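J.: pasted the sequence and its predicted model underneath.
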Amino acid sequence: MKKLIAAMAITGTMLTTAVFAADEDRAEWLFVHSADGVELVDETTLVVPLEREIFAFTDRPARDHLYLNAHEFVAIWNDGEDSFADDPPNAVLTWIENGEVQELEVELLDAEVEDHGRSVHYEIAVEGDASGPAEGIDAALYIDDFWSDPTAFPMG
């Protein structure tokens, strides 16, 4: 039994090492799109103004960050084999309503730059039976990961 446990531990270590080695050349990027307010136009359209650039950062071990304008960020939906179009990201929208923080889990199906780069219109699917704000203040959209070859990622 001790030999079996030792063999399983060695195999697990080898597999973990192989996975980390395969991901060394790729970075896992996460995003935060924050704004003073958001508007849920209908059940499938969320409008988030672009008052600041979208903050992007990597998960460990890469430890990198950058800021993206609306066009650079929306390009992720169609760039590369692991684009957001191929695998739409999950996201959590938070906002303040009546003095309390509210949240809504969504899947981001598509994104388009509108208003001459001043807003991003997201096509969303709401997770569960929750509802979002008609309008919310102090909003942030926390967006799931995007795996990228560092040279292929749009640098701002």
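T.: Done, it's in.

J.: now do the SS call for Ile76.
T.: What DSSP: H, G, I helix; E, B strand; the rest coil gives for Ile76 is helix.

J.: that one: how many residues sit nearby?
T.: Residues lying near Ile76 (other CB atoms under 10 Å) number 23. C-beta: built from backbone N, CA, C; applies to glycine.

J.: that one and Ser83 touch, don't they?
T.: Yes: using CB atoms under 8 Å, Ile76 is in contact with Ser83, at 6.5 Å.

J.: number of residues surrounding the spatially closest residue to Ala85 that is not a sequence neighbour?
T.: Leaving aside its sequence neighbours, Ala85 sits nearest to Trp77 (CB to CB, 6 or more residues apart in numbering; 5.0 Å). Neighbourhood size, Trp77 [other CB under 10 Å]: 19.

J.: show me the shaky parts of this structure.
T.: The model of the chain has pLDDT under 70 over residues 1-25, 80, 134, 149-156.

J.: show me where it has its helices.
T.: 2-23, 70-74 (DSSP state H).

J.: report all helices and strands that the shortest one contacts.
T.: Packing partners of helix 70-74 (3 or more CB pairs under 8 Å, 6 or more residues apart in numbering; DSSP states H and E): strand 54-58, strand 100-114, strand 119-126.

J.: any buried residues in that helix, and which?
T.: For helix 70-74, a neighbour-count test (16 or more other CB atoms under 10 Å) marks Ala70, Glu72, Phe73, Val74 as buried.

J.: who's in contact with it?
T.: By CB atoms under 8 Å, 6 or more residues apart in numbering, the surrounding residues in contact with helix 70-74 are 31, 33, 50, 54, 56, 111-113, 117-120, 154, 156.

J.: drop anything exposed from the residues you listed.
T.: Among the contacts of helix 70-74, those classed as buried by 16+ other CB under 10 Å are Phe31, His33, Leu50, Ile54, Ala56, Ala111, Val113, Ser119, Val120, Pro154.

J.: that's all I had, so thanks and see you.
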